[in-house]
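>>> test case, fold it:
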Amino acid sequence: AAAVLRAAALRQATGGSYLARLALAQTASWLINDLKPDAGEPTGTYEPTPWLTEGDGPLGHVRYALPPVSFDGGPRDFPSLPGLWGTDKPAWR
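Next up, the predicted model:
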């Protein structure tokens with residue numbers, strides 16, 4: 001989603017077209033393992049908390065990425081954690 005939003009913003013600003021190639025598993029690995037601390041942040045104490053959070057839901061304890069875009073007054077997290085397959089009613093949220 002972040003790649004699509006970035007491409008849309010670039011297209012709006014400069015025109016043209018963009019191609020984003022990525023894999024969800026690779027993105028998850030990057031979020032968990034490869035993010036580097038900001039300048040001035042002590043080494044060895046870094047947790048990628050701006051992008052990740054944890055919670056308990058029907059599937060147990062999960063760690064997941066937060067929505068890639070935020071704005072003033074908008075939600076910071078998803079309204080609920082994933083449920084068991086087939087238990088949600090088909091409805092718009």
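
>>> and the helices in this structure?
2-14, 24-29 (DSSP state H).

>>> export those as CSV, with columns for distance to residue 60, mean pLDDT and mean neighbour count.
For every residue, glycine as well, the C-beta is placed using N, CA and C. Listed next are the helices of the chain as CSV, based on distance: least, C-beta to C-beta, whole Å; pLDDT from 0 to 100; neighbours: other C-beta atoms under 10 Å:
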stretch, distance to residue 60, mean pLDDT, mean neighbour count
helix 2-14, 26, 86, 12
helix 24-29, 17, 82, 11
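
>>> redo the ones you listed as CSV? Include distance to residue 61.
Below are the helices of the chain laid out as CSV (distance: least, C-beta to C-beta, whole Å):
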stretch, distance to residue 61
helix 2-14, 25
helix 24-29, 16
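
>>> to residue 76, which of these lies closest?
helix 2-14 (15.5 Å; C-beta to C-beta).

>>> I'd like to know which of the helices of the chain is closest to residue 66.
Between the helices of the chain, helix 2-14 lies closest to residue 66; by C-beta to C-beta that is 10.9 Å.

>>> relative to residue 64, how far out is residue 86?
In this view, residue 86 and residue 64 are 20 Å apart by C-beta to C-beta, to the nearest Å.

>>> from residue 85, how far off is the residue nearest to residue 87 when sequence neighbours are not counted?
Spatial nearest neighbour of residue 87, chain neighbours left out: residue 58 (7.5 Å); criterion: C-beta to C-beta, 6 or more residues apart in numbering. Per C-beta to C-beta, residue 58 is found 10 Å from residue 85.
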